[in-house]
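Participant: Next input, structure requested:
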Amino acid sequence: MNKRHLALTTLLLIPSGFLLADVNSRIVAQAEAKKKPSTNQAAAKRSMAPGVTPEREAAVLTFAKEHHPELVELLHYLRDHRTKEYERAVRDLHRASERLATIQERDFERYEIELELWKVQSRIHLLAAKLKMNDDPALRQQLKEILNRQVDLRLAVLKFEQRKAKDRLKKLDEQVKKAENGREQTVAAKFRTLTGSELNRGGQSKAASRRASSRPATPKKHSPKNTPKNK
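Facilitator: Predicted coordinates for the structure are as follows:
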């Protein structure tokens, strides 16, 4: 394995699903100095951490193959030679794929933007790692272009959220207006459900209104007229 390939295999997956680990000469020198173990020996020594199942490994490799094929070769190398980093990569890639799957179930439009953003960010980290090994003007240009693409996608996410917020606000405005205009009808319907009787326009139940109207009128008491005092 040459130095360039070895350096690329030090790329790690961080929790957000992006790629990057600093490549330095010390790590490369140490790795080159070590005797390369056979695939069978590495597989025999490998002990998967909790949460890294064959099913999850297969799902992660499928996800990488579909959305970032360059990762597959790196994952294979980590699996055979750098177990802990491989386990971390599997866990982090699995979290990223699960997050995207959840978004896909809720909103496919948002999912398409987020997936493209993930792929772009992953490529950014890969290009940055390559530039650490070879300061190539062509790589710099590629990195600049893809950074612009990243900004465009992040802006697309913000505009998506803005549009969704406006839609929610519009619905809230409609609900407020409906509640204000239908106040009396709402109270009357709730009253009828709870008591079995209707309300009249004055806010009094019709039964109570009928009882009040059936009572005999109480005669008004007249105060005695003042009589002039005898002188």
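
Participant: so how far is Pro69 from Val60?
Facilitator: Separation of Val60 from Pro69 (C-beta to C-beta, to the nearest Å): 13 Å. All C-beta spots, glycine's among them, are computed from the backbone N, C-alpha and C.

Participant: Averaged over its residues, which helix or strand of the chain has the lowest pLDDT?
Facilitator: helix 25-33 (a mean of 40; mean pLDDT, DSSP states H and E).

Participant: rewinding a little: which of Val60 and Pro69 has more residues huddled nearby?
Facilitator: Set side by side, Val60 and Pro69 show more neighbours around Val60, with 23 against 9, by other C-beta atoms under 10 Å.

Participant: who's in contact with that one?
Facilitator: Counting by C-beta atoms under 8 Å, 6 or more residues apart in numbering, Val60 makes contact with Leu75, Ala89, Val90, Leu93, His94, Ser97.

Participant: What number of residues are in the vicinity of the closest residue to Lys65 other than its chain neighbours?
Facilitator: Excluding the flanking residues, the one nearest Lys65 by C-beta to C-beta, 6 or more residues apart in numbering is Val72, at 5.3 Å. Using other C-beta under 10 Å, Val72 is surrounded by 16 other residues.

Participant: Could you do Gln150 as well?
Facilitator: 16.

Participant: show me where this structure has strands.
Facilitator: Applying DSSP state E to the chain gives no strands.

Participant: how about low-confidence regions in it?
Facilitator: 1-51, 199-231 (pLDDT under 70).

Participant: For it, just list every one of the helices.
Facilitator: 3-8, 25-33, 39-45, 54-67, 70-81, 83-106, 108-133, 137-181, 183-195, 206-214 (DSSP state H).

Participant: So which of those helices is the most surrounded?
Facilitator: Compared across these, helix 70-81 shows the largest average neighbour count, a mean of 19 (mean count of other C-beta atoms under 10 Å).

Participant: same for that helix, what does it pack against?
Facilitator: helix 39-45, helix 54-67, helix 83-106 (3 or more C-beta pairs under 8 Å, 6 or more residues apart in numbering; DSSP states H and E).

Participant: is it possible to export those to JSON lines including distance to Leu153?
Facilitator: Listed next are the helices and strands packed on helix 70-81 as JSON lines, based on distance: least, C-beta to C-beta, whole Å:
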{"stretch": "helix 39-45", "distance to Leu153": "38"}
{"stretch": "helix 54-67", "distance to Leu153": "14"}
{"stretch": "helix 83-106", "distance to Leu153": "14"}
